[in-house]
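A.B. asks: Could you look at this predicted model? Sequence included:
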Amino acid sequence: MKPLRRAIDGDYCLLAIPESTPATLYEHQRQLQQIYGGFITSPVHLTLQRFTTTRPHSISALKHNLQDLLPGILPLQIKAKMLYPLYSEFRQSEIIKWEIEVSKKIRYFFAHLEETLPLFDCVSQYPVGWISSLITALEEVSPNGNNAPPDIVDAPRPLFIADKILISRINGYRDYLLVDEYSIRMGKWKSSV
(Lines give C-alpha, C1' and ligand atoms only; values in the text may rest on other atoms or scores of the structure.)
Protein backbone atom coordinates (compact mmCIF):
# COMPACT_ATOMS: atom_id res chain seq x y z
CA MET A 1 0.00 0.00 0.00
CA LYS A 2 1.44 3.38 -0.97
CA PRO A 3 1.80 5.83 1.91
CA LEU A 4 -0.63 8.71 2.25
CA ARG A 5 1.21 11.88 1.30
CA ARG A 6 0.26 15.20 2.80
CA ALA A 7 -1.83 17.64 0.78
CA ILE A 8 0.12 20.01 -1.44
CA ASP A 9 -0.61 23.02 -3.64
CA GLY A 10 -2.34 21.95 -6.85
CA ASP A 11 -4.22 18.98 -5.35
CA TYR A 12 -7.92 18.75 -6.09
CA CYS A 13 -10.36 17.70 -3.36
CA LEU A 14 -13.86 16.29 -3.49
CA LEU A 15 -15.62 17.33 -0.27
CA ALA A 16 -18.97 16.38 1.28
CA ILE A 17 -20.50 19.23 3.31
CA PRO A 18 -23.86 20.28 4.74
CA GLU A 19 -25.83 22.88 2.78
CA SER A 20 -25.92 24.82 6.05
CA THR A 21 -24.02 24.07 9.26
CA PRO A 22 -26.34 22.71 11.98
CA ALA A 23 -26.36 24.75 15.21
CA THR A 24 -25.62 21.55 17.17
CA LEU A 25 -22.41 21.01 15.17
CA TYR A 26 -21.21 24.55 15.76
CA GLU A 27 -22.05 24.29 19.47
CA HIS A 28 -20.07 21.04 19.71
CA GLN A 29 -17.09 22.75 18.06
CA ARG A 30 -17.38 25.63 20.58
CA GLN A 31 -17.36 23.14 23.47
CA LEU A 32 -14.24 21.51 22.04
CA GLN A 33 -12.66 24.94 21.55
CA GLN A 34 -13.19 25.77 25.24
CA ILE A 35 -11.21 22.64 26.11
CA TYR A 36 -8.50 22.64 23.44
CA GLY A 37 -8.35 26.25 22.24
CA GLY A 38 -7.56 26.84 18.58
CA PHE A 39 -9.81 27.85 15.70
CA ILE A 40 -13.10 26.33 14.55
CA THR A 41 -12.82 24.69 11.12
CA SER A 42 -15.34 25.97 8.60
CA PRO A 43 -16.84 24.55 6.56
CA VAL A 44 -16.74 21.20 8.34
CA HIS A 45 -16.36 18.58 5.62
CA LEU A 46 -15.51 14.98 4.81
CA THR A 47 -12.80 14.75 2.16
CA LEU A 48 -14.06 12.05 -0.18
CA GLN A 49 -11.01 12.13 -2.43
CA ARG A 50 -7.81 14.08 -3.00
CA PHE A 51 -6.32 13.79 -6.46
CA THR A 52 -4.10 15.38 -9.06
CA THR A 53 -4.47 15.83 -12.78
CA THR A 54 -2.26 17.34 -15.45
CA ARG A 55 -5.35 17.91 -17.56
CA PRO A 56 -7.75 20.26 -15.71
CA HIS A 57 -10.40 19.77 -18.44
CA SER A 58 -10.70 16.22 -17.04
CA ILE A 59 -12.63 17.73 -14.13
CA SER A 60 -15.59 18.42 -16.45
CA ALA A 61 -15.71 14.79 -17.57
CA LEU A 62 -15.46 13.60 -13.97
CA LYS A 63 -18.34 15.89 -12.94
CA HIS A 64 -20.45 14.53 -15.79
CA ASN A 65 -19.74 10.98 -14.57
CA LEU A 66 -20.72 11.87 -11.00
CA GLN A 67 -23.88 13.75 -12.05
CA ASP A 68 -25.92 10.53 -12.33
CA LEU A 69 -24.38 8.91 -9.25
CA LEU A 70 -24.80 11.71 -6.70
CA PRO A 71 -28.60 11.61 -6.34
CA GLY A 72 -28.27 8.00 -5.13
CA ILE A 73 -25.41 8.81 -2.74
CA LEU A 74 -26.56 12.05 -1.15
CA PRO A 75 -27.53 12.80 1.52
CA LEU A 76 -24.80 11.21 3.66
CA GLN A 77 -25.43 10.99 7.40
CA ILE A 78 -22.12 11.81 9.09
CA LYS A 79 -21.71 10.53 12.67
CA ALA A 80 -18.65 10.83 14.91
CA LYS A 81 -17.44 7.84 16.87
CA MET A 82 -14.19 9.16 18.39
CA LEU A 83 -12.19 12.32 18.90
CA TYR A 84 -8.52 12.53 17.85
CA PRO A 85 -5.90 15.16 18.59
CA LEU A 86 -3.08 14.92 16.04
CA TYR A 87 -0.38 16.89 14.26
CA SER A 88 -1.12 18.08 10.70
CA GLU A 89 1.93 18.43 8.47
CA PHE A 90 -0.12 20.42 5.95
CA ARG A 91 -1.33 22.92 8.59
CA GLN A 92 1.93 22.70 10.57
CA SER A 93 -0.07 22.59 13.80
CA GLU A 94 -1.98 20.39 16.21
CA ILE A 95 -5.60 19.75 15.22
CA ILE A 96 -8.64 17.96 16.61
CA LYS A 97 -10.47 15.53 14.32
CA TRP A 98 -13.56 13.40 14.65
CA GLU A 99 -13.35 9.83 13.43
CA ILE A 100 -16.63 9.02 11.72
CA GLU A 101 -18.65 5.88 11.18
CA VAL A 102 -18.05 4.70 7.62
CA SER A 103 -21.44 3.75 6.19
CA LYS A 104 -22.13 1.49 3.20
CA LYS A 105 -22.90 4.59 1.10
CA ILE A 106 -19.56 6.16 2.01
CA ARG A 107 -17.69 2.90 1.22
CA TYR A 108 -19.51 2.61 -2.12
CA PHE A 109 -18.73 6.20 -3.08
CA PHE A 110 -15.02 5.84 -2.19
CA ALA A 111 -14.82 2.63 -4.25
CA HIS A 112 -16.55 4.30 -7.20
CA LEU A 113 -14.17 7.27 -7.08
CA GLU A 114 -11.14 4.98 -6.83
CA GLU A 115 -12.22 3.14 -10.01
CA THR A 116 -13.40 6.26 -11.85
CA LEU A 117 -10.58 8.77 -11.36
CA PRO A 118 -8.05 7.02 -13.67
CA LEU A 119 -10.62 7.04 -16.48
CA PHE A 120 -10.43 10.84 -16.45
CA ASP A 121 -6.64 11.26 -16.16
CA CYS A 122 -6.93 11.89 -12.42
CA VAL A 123 -4.55 10.26 -9.95
CA SER A 124 -5.82 9.55 -6.44
CA GLN A 125 -3.49 10.55 -3.65
CA TYR A 126 -5.05 7.92 -1.39
CA PRO A 127 -3.71 4.36 -1.13
CA VAL A 128 -5.90 1.75 -2.89
CA GLY A 129 -8.77 0.75 -0.61
CA TRP A 130 -8.14 3.58 1.87
CA ILE A 131 -11.16 5.56 3.11
CA SER A 132 -10.86 8.97 4.71
CA SER A 133 -12.73 8.76 8.01
CA LEU A 134 -11.43 11.84 9.82
CA ILE A 135 -13.02 15.29 9.86
CA THR A 136 -11.25 18.35 11.23
CA ALA A 137 -13.13 20.10 14.05
CA LEU A 138 -10.45 22.51 15.31
CA GLU A 139 -7.14 23.84 14.00
CA GLU A 140 -4.08 25.23 15.80
CA VAL A 141 -5.04 23.74 19.15
CA SER A 142 -2.83 23.56 22.21
CA PRO A 143 -0.82 20.32 22.07
CA ASN A 144 -1.27 20.10 25.85
CA GLY A 145 -5.05 20.64 25.81
CA ASN A 146 -7.11 19.24 28.66
CA ASN A 147 -8.69 15.83 28.25
CA ALA A 148 -12.21 16.12 26.92
CA PRO A 149 -14.98 15.16 29.35
CA PRO A 150 -16.86 11.99 28.34
CA ASP A 151 -20.02 13.81 27.19
CA ILE A 152 -17.98 15.67 24.55
CA VAL A 153 -17.04 12.44 22.80
CA ASP A 154 -20.19 10.36 23.28
CA ALA A 155 -20.58 8.18 20.22
CA PRO A 156 -22.16 7.89 17.87
CA ARG A 157 -22.71 11.64 17.73
CA PRO A 158 -24.55 12.97 14.67
CA LEU A 159 -22.43 15.74 13.14
CA PHE A 160 -24.22 16.74 9.96
CA ILE A 161 -26.03 15.56 6.87
CA ALA A 162 -23.87 16.06 3.79
CA ASP A 163 -26.16 17.19 1.00
CA LYS A 164 -23.59 19.10 -1.04
CA ILE A 165 -20.37 18.14 -2.86
CA LEU A 166 -17.57 20.61 -3.54
CA ILE A 167 -14.62 20.29 -5.87
CA SER A 168 -11.80 22.56 -4.78
CA ARG A 169 -8.14 23.05 -5.62
CA ILE A 170 -5.54 23.66 -2.94
CA ASN A 171 -3.54 26.80 -3.67
CA GLY A 172 -1.85 26.90 -0.24
CA TYR A 173 -2.58 26.78 3.47
CA ARG A 174 -6.10 28.23 3.95
CA ASP A 175 -6.14 29.13 0.25
CA TYR A 176 -8.60 27.04 -1.75
CA LEU A 177 -10.19 27.66 -5.12
CA LEU A 178 -13.79 26.48 -5.39
CA VAL A 179 -13.97 24.74 -8.77
CA ASP A 180 -17.63 23.70 -8.61
CA GLU A 181 -20.40 22.49 -6.30
CA TYR A 182 -23.30 20.06 -6.50
CA SER A 183 -26.30 20.16 -4.18
CA ILE A 184 -29.35 17.95 -3.83
CA ARG A 185 -31.52 21.05 -3.86
CA MET A 186 -30.19 22.12 -7.29
CA GLY A 187 -29.79 18.57 -8.61
CA LYS A 188 -26.84 19.60 -10.78
CA TRP A 189 -23.42 21.20 -10.75
CA LYS A 190 -23.53 24.94 -10.19
CA SER A 191 -21.45 25.61 -13.31
CA SER A 192 -24.17 24.00 -15.41
CA VAL A 193 -26.94 26.29 -14.10
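C.D. replies: Done, it's in. Keep in mind the model is a prediction, meaning the values are calculated, not measured.
A.B. asks: Give me the longest helix you can find in this structure.
C.D. replies: When the chain is scanned for its longest helix (criterion: DSSP state H), the result is helix 58-73.
A.B. asks: the helices in this structure, which residues?
C.D. replies: All helices of the chain, identified by DSSP H, fall at 23-36, 58-73, 104-116.
A.B. asks: Could you tell me the end-to-end distance of stretch 113-125?
C.D. replies: 12 Å (Cα to Cα, to the nearest Å).
A.B. asks: typo on my end, stretch 111-131
C.D. replies: 9 Å.
A.B. asks: mind showing which ranges of the protein have poor pLDDT?
C.D. replies: Applying pLDDT under 70 to the chain flags the ranges 1-3, 143-155, 192-193.
A.B. asks: could you point out the longest strand in the protein?
C.D. replies: Once the chain is assigned using DSSP state E, the strand that runs over the most residues is strand 76-88.
A.B. asks: strands paired with it, and their directions?
C.D. replies: If you go by DSSP bridges, strand 76-88 pairs up with strand 93-100 (antiparallel), strand 157-162 (antiparallel).
A.B. asks: report the angle between the axes of it and helix 104-116?
C.D. replies: The directions of strand 76-88 and helix 104-116 differ by 70 degrees, with axes from the mean of the first three to the mean of the last three Cα atoms, to 10 degrees as the criterion.
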